[in-house]
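Q: Give me coordinates for this.
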Amino acid sequence: MSLWRVLLIILFPPLAVVDKGCGSFLMVLFLTALGYIPGVIAAIILAKKD
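A: Modelled structure (predicted):
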């Protein structure tokens, strides 16, 4: 995982998974809207699946 992706995960989790597809983006956006921590956790999990 690159440094830029880690920074994106910390600052705006949905933007870090936008290249994974619309479903992943919407899921992380929804989880981030529910709470910052669930969105970050989901973004980390999806970003590690490279």
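Q: quick one, helices of the chain?
A: 3-11, 13-16, 22-34, 36-47 (DSSP state H).
Q: hey, which of those is tucked in deepest?
A: Among the helices of the chain, helix 13-16 has the highest mean neighbour count (mean count of other Cβ atoms under 10 Å), at a mean of 22. From N, CA and C alone the C-beta is placed, and that goes for glycine too.
Q: Distance from the chain centre to that one, please.
A: Put simply, helix 13-16 sits 4 Å off its chain's centre (Cα atoms, centre = their mean, to the nearest Å).
Q: what packs against it?
A: Contacts defined by 3 or more Cβ pairs under 8 Å, 6 or more residues apart in numbering; DSSP states H and E place helix 13-16 against helix 3-11, helix 22-34, helix 36-47.
Q: so what's the residue sitting nearest the centre point of the chain up against?
A: Centroid check for the chain by Cα atoms, centre = their mean gives residue 43 as the closest residue, at 2.7 Å. Neighbouring residues of residue 43 by Cβ atoms under 8 Å, 6 or more residues apart in numbering: 9, 13-14, 16-17, 28.
Q: Spatially nearest residue to it (excluding sequence neighbours)?
A: What sits nearest to residue 43 in space, not counting adjacent residues and going by Cβ to Cβ, 6 or more residues apart in numbering, is residue 13, at 3.7 Å.
Q: Check what pLDDT the one you found gets.
A: Residue 13 carries a pLDDT value of 94.
Q: Flag the shaky bits of this structure, pLDDT-wise.
A: Residue ranges of the chain with pLDDT under 70: 50.
Q: go again using 80 as the cut-off
A: 1, 49-50 (pLDDT under 80).
Q: Of the contacts of residue 43, which is the nearest to residue 35?
A: Residue 35 has its nearest neighbour among these in residue 13, at 10.9 Å by Cβ to Cβ.
Q: I figured residue 32 was touching residue 26, is that so?
A: No - if you go by Cβ atoms under 8 Å, residue 32 and residue 26 don't touch, sitting 10.6 Å apart.
Q: And residue 24, how far from residue 16?
A: With distances taken as Cβ to Cβ, to the nearest Å, residue 24 is found 10 Å from residue 16.
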